[in-house]
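Colleague: Starting from these lines, generate the structure:
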Amino acid sequence: MTYFKTHNFSVLFFVFLILFLASVSAWKKDEFRNCNQTPFCSRARSRKPNSCSLIAVDVSIFDGDLVGKLVPKNTPPKGEQNPDSNGDDSDHGSQDPASNPLLLRISAYQDGILRLKIDEDPSLNPPKRRFELPSVIVPEFLEKKLWLQRFSEEKIDGDSGFSSLVVVYLGNGYEAVLRKDPFEVFVREKNGGKRVISLNSHGLFDFEQLRVKKEGDNWEENFRGHTDTRPYGPQSISFDVSFHGADYVYGIPEHATSLALKPTRGPEIDFSEPYRLFNLDVFEYLHESPFGLYGSIPFMLSHGKEHGTTGFFWLNAAEMQIDVLGAGWDAGESRLSLPSDQKRIDTLWMGEAGVIDAFFFVGPGPKDVVRQYVSVTGMPAMPQLFATAYHQCRWNYRDEEDVYHVDSKFDEHDIPYDVLWLDIEHTDGKKYFTWDRVLFPNPEEMQNKLAAKGRRMVTIVDPHIKRDDSYYIHKEASDKGHYVKDASGKDYDGWCWPGSSSYLDMLSPEVREWWADKFSYKNYVGSTSSLYIWNDMNEPSVFNGPEVTMPRDALHIGGVEHREIHNAYGYYFHMGTASGLEKRGEGKDRPFVLSRAFFAGSQRYGAIWTGDNTAEWEHLRVSVPMVLSMGLTGIIFSGADVGGFFGNPEPELLVRWYQLGAYYPFFRAHAHHDTKRREPWLFGERNTALMRDAIHNRYMLLPYFYTLFREANTTGVPVMRPLWMEFPADEAAFNNDEAFMVGNSILVQGVYSERAKHASVYLPGGQSWYDMRSGTAYKGGMTHKLEVSEESVPAFQKAGTIIPRKDRYRRSSTQMVHDPYTLVIALNSSQSAEGELYVDDGKSFEFQRGAFIHRRFIFSNGKLTSLNVAPVGNDGRLFTSDCVIERIILLGYPSRPKGALIEASNKEVEMEMGPLRPKGSGAASVLTIRKPNVRISDDWSIRIL
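Modeller: Take a look at the predicted model:
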């Protein structure tokens, strides 16, 4: 009988799974809600400018903040409809005209950051406390609060008589201003009064307060057979935000669309959906769409020649929809009147629930805004060195024999790699922390054999837990009450890969702590210190749920509805997993965890990838703005599946993807189990050589990439950057997302069409750019039509920079640790250049104690100098290296010198013409200092004779 039940269950699940995959294996927009089918979105979009009647009263300084209340200016007589309502109170419960005052709080922080909080008054006993997201803002940010002591008032002409402006000094030459009537908050320059960012300038603010359900109220929402009970009724928030002096806006990932966000509403814009932020498991997503994908970060940046860069961040994990409003959207109805020569981009932010907890970042530069944002949400984690190298993945490597075969083939074809990945089929019946002992009978031995070559493994651990009483994870979670509950209070039961599954309540710190313990060697039997983790399906994905996710009325700890936490569910799962690996290593080993879902702050816990893309040229093309958008919003360690997850790429597409993907911060090939095998040696000798060369290119540049990851770890500045981040005054760069910068030194232009013979490459700035394969110099500040070959995508080193490399090819990055370095010096018109090198042990947290080497190389007046830029007092004995520099390449030097002199030792070294790239791979001959053999850890100088 037990067998019969189990067999029937397996058959039913198999049938369900086939039907599910058939229904979502390609994009079907009717599976997901649009704005018209989302009541809070359609209500907010229907509002007209100046609909908000709120004014600010009782404004004062309290506890170092500017506080006040928002109340309606004119309350309509009883029985009359609120003008903000669309008349259908029975459905959406529009805010009562006699609604309670809202509490407003404005805080100032160091570095010119303004924080605005608006919430219901808890002392007036609302039906429940509105949810505020914990553990996203880092504690050290709260210590940077500026305690306001006073404010000033200004009188201005208002719509009806005089209005009052309450002004506080924000710092860095900016002021925060609260306009009382009508209510508005904005930041302006102290000198001149130019606005920078403003909220509710167009009167679109709306805050649906919680109500007690009365007889006859119908708050339920239905979509494709799923019912959302909405026990607390409508609770949405919407408001307009204006970016002054802006030419473009960027950010708010994740969407498969252009880097510069296109307008979604306006008189000359065809009907478009808003940009949706709602984490979903989307199969084969469209490559040009505002539809939300796997992650959500409600942080938008603006950039323009007039002001520079600004940013706005709304800390809220409920579903959001964001309109970018095109010129003339308000048909002249808005009260905001500005000089015609001052540019502005207006946006409309709509959220289903939560509170307003918003941050204004004044910049003024792109890197300033990014730094200000990560000061709130946390600096990106410093990855281990191996994680910055190449990863090989597939759903699924079948068994240990397959693993050993793939591993040996990389060696046979002289292709380095660092990590081999195992997908869900490695487990015992989709039960995570287990192994299929038929297919993987000796997992520890398998990992140790790879580790002997300096290689690691990654296994997948998803959030859905198989409901099987013989499975210890499920039994413990069930007994301890660790699962998310359904609306009735029972453990939520949804369907995913294992069949019937429940989902851990990762909002609970206790559950996260319990989860972290599961990664110990004792609990995760068969794991070793060289095994790391992949969190997939953590949006969360629920095959039979509404929109393939968890119902919004599911319940978390403290009665928090899933609608309030949804976009952060994967963030907390990522957090718990990273904590587990850190505990496993007793705090000595940096975790590596890849996550598909993400939220603000995910940069603190590991890497992200762009999800289930497709083997199409368009998906190669859109991967660039997707990765750039994530980088701008803190997610500096990201990449797309090289080759496309779905489909079978033609060899040319696969080669071009490797050539571009070698510059992604996260470089991994991955494929669906229904695709043909596509390891680099399966496409003929020539294509193998091209993919090998692309992977070698990444390994050669690992010292440069690792240095950039350290820069990101200390400043938040992304590894992969839009051109305008490095050239903020160059208008031609503002909407260019076909090319990108890697750090401040390398520009990469992708090739996005088959059989391409030419590429148009815009090289910004006034200095030259050197082709990284030929050494040829090209003039900056113009577009070049260049011939492209099958060998590479166009990549250039900026004049005035120095790039560190390692030119000896090994099996893995671990085996390169003691190899010597090469410096490539690209001289500018002043015959000068600068660059940096950061080195630590590549694995531990000792770098936080000062165990690292950080050098700055400066070439000027014919001399190359190495300077220590580690903090004063850094104990250089904590980390040492015997590595030396064996080659120094000079690009753009005007003559052929006789030699070079190492000044400290008075040793003369040879200069000759040598290859720009190692192993004579067709590269040009360039001026080279041979074997100076100066240590990377020492101060030294080398003078050209």
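
Colleague: gap between the residue nearest to H426 when sequence neighbours are not counted and L422?
Modeller: Using C-beta to C-beta, 6 or more residues apart in numbering and skipping residues adjacent in sequence, the residue nearest H426 is F440, 5.7 Å away. For every residue, glycine as well, the C-beta is placed using N, CA and C. Remark: distance between F440 and L422 (C-beta to C-beta, to the nearest Å) = 8 Å.

Colleague: So, low pLDDT: which residues of the stretch 51-200 of the chain?
Modeller: Confidence mapping of the stretch 51-200 of the chain against pLDDT under 70 gives the ranges 75-98, 158-162.

Colleague: in it, which spans are strands?
Modeller: 54-62, 65-72, 102-109, 113-120, 145-146, 152-157, 162-171, 174-179, 184-189, 195-199 (DSSP state E, counting those that start in this stretch).

Colleague: go on, the stretch 501-650 of the chain?
Modeller: Taking DSSP E, counting those that start in this stretch to define them, one finds strands in the stretch 501-650 of the chain at 531-535, 593-595, 607-609, 638-639, 641-642.

Colleague: Out of those strands, flag the one nearest G328.
Modeller: Within the strands of the stretch 501-650 of the chain, the stretch nearest G328 is strand 638-639; the backing value is 35.9 Å (C-beta to C-beta).

Colleague: so R930 touches M913, yeah?
Modeller: No. In terms of C-beta atoms under 8 Å, R930 does not count as a neighbour of M913; the distance is 10.5 Å.

Colleague: Between the two, which is the more surrounded one?
Modeller: Here R930 and M913 are set side by side on neighbour count (other C-beta atoms under 10 Å), and the busier one is R930, at 15 against 10.

Colleague: The more buried one and P820, how far apart?
Modeller: In terms of C-beta to C-beta, R930 sits 12 Å off from P820.

Colleague: now Q372
Modeller: Distance, Q372 to P820, using C-beta to C-beta: 39 Å.

Colleague: who's more crowded, those two?
Modeller: When Q372 and P820 are compared for neighbours, Q372 comes out ahead with 26 against 16, by other C-beta under 10 Å.

Colleague: Mind checking which of F440 and L422 has more residues around it?
Modeller: In terms of neighbours (other C-beta under 10 Å), L422 is the more surrounded of F440 and L422; the figures are 26 against 22.

Colleague: quick one on the thing from earlier: which of the strands of the stretch 51-200 of the chain is buried the deepest?
Modeller: When neighbours are counted by mean count of other C-beta atoms under 10 Å, the highest per-stretch mean among those falls to strand 195-199, a mean of 25.

Colleague: Can you give the strand pairings for that one, parallel or anti for each?
Modeller: Note on strand 195-199: by DSSP bridges, its sheet partners are strand 184-189 (antiparallel), strand 237-244 (antiparallel).

Colleague: Buried residues, stretch 753-772. List them.
Modeller: 756, 759, 761-765, 767-772 (16 or more other C-beta atoms under 10 Å).

Colleague: Sort out which one of those residues lies nearest E787 for me.
Modeller: Sorting those by distance to E787 puts A759 at the head of the list, at 8.2 Å, by C-beta to C-beta.

Colleague: Show the contacting residues for the closest one.
Modeller: Under the criterion of C-beta atoms under 8 Å, 6 or more residues apart in numbering, the contact list for A759 reads 749, 751, 785-786, 788, 794.

Colleague: so what's it bridging to?
Modeller: L786.

Colleague: Tell me, what's the model's pLDDT at it?
Modeller: We note a pLDDT of 97 for A759 in this prediction.

Colleague: cool, G873 as well?
Modeller: In the predicted model, G873 carries a pLDDT score of 75.

Colleague: What is the neighbour count of it?
Modeller: Neighbour count of G873, defined by other C-beta under 10 Å: 6.

Colleague: so is it in a helix, a strand, or just coil?
Modeller: When classified by DSSP: H, G, I helix; E, B strand; the rest coil, G873 comes out as coil.

Colleague: And it, how far from G850?
Modeller: According to C-beta to C-beta, G873 and G850 sit 8 Å apart.

Colleague: same check, this time on Y432
Modeller: 38 Å.

Colleague: which of the two has more neighbours?
Modeller: The residue with more neighbours, out of Y432 and G850 and counting by other C-beta under 10 Å, is Y432; that gives 23 against 17.

Colleague: What is the neighbour count of the residue nearest to the more buried one when sequence neighbours are not counted?
Modeller: Counting by C-beta to C-beta, 6+ apart, V461 is the residue found nearest to Y432 once chain neighbours are left out, at 4.6 Å. V461 is surrounded by 22 other residues when neighbours are defined as other C-beta under 10 Å.

Colleague: same question, K190
Modeller: With neighbours defined by other C-beta under 10 Å, the count for K190 comes to 14.

Colleague: looking at it, Q321 is touching T264, isn't it?
Modeller: No. The criterion here is C-beta under 8 Å, and Q321 misses it with T264 at 9.3 Å.

Colleague: Who has more neighbours out of these two?
Modeller: The neighbour count for Q321 versus T264, taken as other C-beta under 10 Å, is higher for Q321 (28 against 24).

Colleague: neighbours of the closest residue in space to that one that isn't next to it in sequence, just the number please.
Modeller: Taking C-beta to C-beta, 6+ apart as the measure, Q321 lies nearest to P274, with 4.0 Å between them; neighbours along the chain are not counted. Taking other C-beta under 10 Å as the criterion, the count of residues near P274 is 25.

Colleague: In three-state terms, label N744 for me.
Modeller: Secondary structure state of N744, per three-state DSSP, is coil.

Colleague: That one contacts K798, correct?
Modeller: Yes. Here N744 reaches K798: they are 7.0 Å apart, a contact under C-beta under 8 Å.

Colleague: out of these two, which sits in the busier spot?
Modeller: A side-by-side neighbour count of N744 and K798, using other C-beta under 10 Å, places K798 first with 25 against 19.

Colleague: Let me see the contact set for the nearest residue to that one once chain neighbours are set aside.
Modeller: Using C-beta to C-beta, 6+ apart and skipping residues adjacent in sequence, the residue nearest K798 is S745, 5.4 Å away. Shown here is S745, whose contacts under the criterion C-beta under 8 Å, 6+ apart are 704, 797-798, 801-803, 826, 835.

Colleague: Without its sequence neighbours, what residue ends up closest to F243?
Modeller: Beyond its immediate neighbours in the sequence, the residue positioned closest to F243 (C-beta to C-beta, 6+ apart) is S302, lying 3.5 Å away.

Colleague: who does the strand or helix carrying that neighbour touch, helix- and strand-wise?
Modeller: When elements are assigned from DSSP states H and E, S302 belongs to strand 299-304. In terms of contacts (3 or more C-beta pairs under 8 Å, 6 or more residues apart in numbering; DSSP states H and E), strand 299-304 is packed against strand 237-244, strand 248-251, strand 308-314, helix 366-377.

Colleague: One more pass at 6 Å, please.
Modeller: Strand 299-304 sits against strand 248-251, strand 308-314, with contacts defined as 3 or more C-beta pairs under 6 Å, 6 or more residues apart in numbering; DSSP states H and E.

Colleague: Mean pLDDT added to the ones you listed, as TSV?
Modeller: Compiled in TSV, the helices and strands packed on strand 299-304 are given as follows (pLDDT from 0 to 100):
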stretch	mean pLDDT
strand 248-251	98
strand 308-314	98
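
Colleague: Specify the stretch among those strands that is closest to G454.
Modeller: With distances scored as C-beta to C-beta, the stretch of these nearest to G454 is strand 248-251 (37.4 Å).
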